[in-house]
Structure formats: C-alpha cells, structure tokens
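>>> Generate coordinates for the sequence data below:
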Amino acid sequence: MSESNRRYLLVTPCRNEEDFLQITIDSIGAQSVLPACWVIVDDGSTDRTPEMLRAACEKYPFIKVVDRKDRGKRAVGPGVIQAFNDGLNSIDLNDFDYLCKLDADLGIPETYFENMMLEMEADPLLGNISGKTYIKVQGDRWVSERMGDENAIGPAKFYRRACFEQIGGFVAQVCWDGIDGHVCRMMGWKAISLDVEAWRLKHYRPHGSSQVSIWVGRKRWGLGKFFMGSSLMYVLGVSAYRMAERPFVIGGLGILVGYLNAWRGGMKRFGTPEYLKHLHRYERASLFFGKRRALKRFNDRLDAQRAG
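Alright, predicted model coming up:
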C-alpha cells in the first residue's frame, strides 16, 4: 500500500473503561500500519480512564482526546453516536481515506487494520468491513459472538470514507449498527464481516451487556430491530437463533420482548418507503436462503451491475 491512500482514522467513544482500555491502546500501538489519527472521546469518565488517556497521548502522538461533560451514566445507542460525532467534528474527515468506529474493550490482531485496507483496495464496491468478535467463556476458551456477515460489527466498523459520507453517517438510535449496512447496500455498496482467524477480535465486554444486564441489553436490541423496520417474521427468526447462544433462551427471548414492547408502545420507525422495501426484501431472502447465501446473492448482483 502506498502512503497516500492508507490514512485511516479511528474514533472511540468511551466511558469508565479502565478495565480494558489499556488492552485496546496496546493493540493499536502494535498495529503493522498505525492510524493517522485516533480520536478518543471521553464521555464523562469517573474512573481512571482520563489518567490512562493522558498517558497514552504522551506515548502515541497520533492520539487525540476529546472530553465530554459527565452525563451521569453509560449511554448506549444514541449516546454512543453522539460521542462518536463529537469526535468526528473535531477533525477534518477529508484528511483520511478510511475511518473506523472502534470500541475501547477490544484486543486487536497486529495486522488487523492493514488487512482491512487491503480488502478495500481489492474491491472498490466494499463500503464497510470487519472481522468477528470472540468472547471468553471459561478458562482461556474464546467463542464467537455469532454476529451476522451482512455488516461490519458494531465494535469495529471500518469504512471507506466515500461510503460513510454517502450514507450520511450513523443514525443516533439503537440498532444504528444494523441500519447502516442496509443503507450501504441500498446505495450500491457492500457491507460485510468475515470470520478470518487473523481478523478475530477479543471482546472483553459481550455484545448487548454494556448497560445494566444482558436481559436489558437484549430487550434494547429488540427495540432497535423495531426501530430499524424489521418485520415480525424476521425478528421471530432472530429470536429463535439467539436462544441457542449464551445466555441460552433468555437472550433470544429478550429480543422478542423488546420488539413487541416497542410495537405496543407505538414507537416511530426509521426510514423511507424505499429503505423499508429494500430491508424487507433482504430479510425475506435471509429467511428463505439463509443469511450467508442471501448476502452473496446481493453482493453478486452489485458485482454484475458494476461489470455490466
């Protein structure tokens, strides 16, 4: 890769991350291609996080810290994106070719970001990409969080800048990390995550457990599915699928309960008729063919349109 086209930006919203932040800092410092800039947004931390960030700034000149006022609690969904946007607003995005929304509780392989850029260079239609997250279950055993292939995962969304700008950035609502991939495809971009061994991320705080409990997190996930426009039939499938993973049964049930609560409460849904038509077509294909085959069919169609 040439120096001129490998400038990537990391933006990390964080709050009270003293337990895992140093792991992420050390992982970034060891990358085979270092970021041009890493903006870490301290969202009102009350633990040792600010002290750790000061030390990181002294060690790594590419780190920039943006401080936000303490809102009194960890904010997920909209709060994360508000903090992320504050980080984006502190720099000129035109200075970078790629950007990544990165969580502060990850262990990251040292060639990870180099590999993300190589994949982008190999496929001009690739808009966002990531590896997969793995969580520790017993002893030193790490297992997949079983996230779908149809989008870069929320903890580490690596974007081509042109794609990120075209989709208008992230929606400040729960399930922002699902909506963006569908908007990418609607606009002619590919969005994927792949389970490649060299791309596996160690996730020290499991998905959907960062606020209060797994049960609350999974209900929030279901609420997000309603907001993003998912059909009830599709959410029933998602709920059944997630019942087979830790925490068994209750995790999948929480998604369905959250979705039905949002429906009963009359929550406003995201998107235009065009977006909802695209989303439901994709969901039907996923239920009929399986998510992996459905994604391949959509991506093959994009390749054919580009070639033709």
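>>> and Val174, how many neighbours?
Val174: 24 surrounding residues under other C-beta atoms under 10 Å. Where you see a C-beta, it was placed from the backbone N, CA and C, and this is true even at glycine.
>>> so it sits in a helix?
No: according to DSSP: H, G, I helix; E, B strand; the rest coil, the state of Val174 is coil, so it is not within a helix.
>>> Next up, the contacts around it.
Val174 makes contact with 76-78, 220-221, 223-224, 227 under the criterion C-beta atoms under 8 Å, 6 or more residues apart in numbering.
>>> Can you turn the buried part of these into a PyMOL selection?
Only the buried members of these enter the following PyMOL selection, criterion being 16 or more other C-beta atoms under 10 Å:
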select buried, resi 76+77+220+221+223+224+227
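>>> Where is pLDDT lowest across the contacts of Val174?
The lowest pLDDT within those belongs to Val76, which sits at 68.
>>> Once you drop chain neighbours, what's closest to Gly222?
When the adjacent residues along the chain are set aside, Gly222 lies closest to Gly258, with 2.6 Å between them (C-beta to C-beta, 6 or more residues apart in numbering).
>>> one step back: between which two of the contacts of Val174 is the distance greatest?
Pro78 and Trp221 (14.4 Å; C-beta to C-beta).
>>> May I have the secondary structure class of the closest residue to Ile40 other than its chain neighbours?
Computed as C-beta to C-beta, 6+ apart, the closest residue to Ile40 that is not its neighbour in sequence is Thr12, at 4.7 Å. Three-state call for Thr12 (three-state DSSP): strand.
>>> Correct me if wrong: Thr12 contacts Val41.
Yes: here Thr12 reaches Val41: they are 6.7 Å apart, a contact under C-beta atoms under 8 Å.
>>> Between those two, which contacts overlap?
In the contact map built from C-beta under 8 Å, 6+ apart, the residues linked to both Thr12 and Val41 are Gly87.
>>> Give me the more crowded residue out of the two.
Using other C-beta under 10 Å, the more surrounded residue of Thr12 and Val41 is Thr12, with 28 against 25.
>>> residue contacts, the more buried one?
For Thr12, the contacting residues are 24, 38-41, 87, 101-104, taking C-beta under 8 Å, 6+ apart as the criterion.
>>> One more: Ile255?
For Ile255, the set of contacting residues under the criterion of C-beta under 8 Å, 6+ apart consists of 218-219, 221-222, 225, 235, 238-239, 242.
>>> cool, Pro206 as well?
Pro206 is in contact with 135, 145, 214, counting by C-beta under 8 Å, 6+ apart.
>>> just the residues you listed now: which is nearest Met267?
For Met267, the nearest member of the contacts of Pro206 is Ile214. The distance, counting by C-beta to C-beta, is 21.9 Å.
>>> Can you tell me the closest non-neighbouring residue to the closest one?
What sits nearest to Ile214 in space, not counting adjacent residues and going by C-beta to C-beta, 6+ apart, is Pro247, at 5.4 Å.
>>> Ramachandran coordinates for the one you found?
For Pro247, the backbone dihedrals (degrees, to the nearest 10) come out as phi -80, psi 120.
>>> doesn't Leu253 make contact with it?
No: between Pro247 and Leu253 no contact is recorded; they are 9.7 Å apart, counting by C-beta under 8 Å.
>>> that older thread, would you mind measuring from the residue nearest to Ile214 to Arg218?
The gap separating Pro247 from Arg218 is 8 Å, by C-beta to C-beta, to the nearest Å.
>>> elements contacting the strand or helix carrying Val41?
Remark: Val41 resides in strand 37-43, with elements defined by DSSP states H and E. If contacts are counted by 3 or more C-beta pairs under 8 Å, 6 or more residues apart in numbering; DSSP states H and E, strand 37-43 sits against strand 8-14, helix 49-59, strand 63-68, helix 78-89.
>>> Thanks again, I'm all set now.
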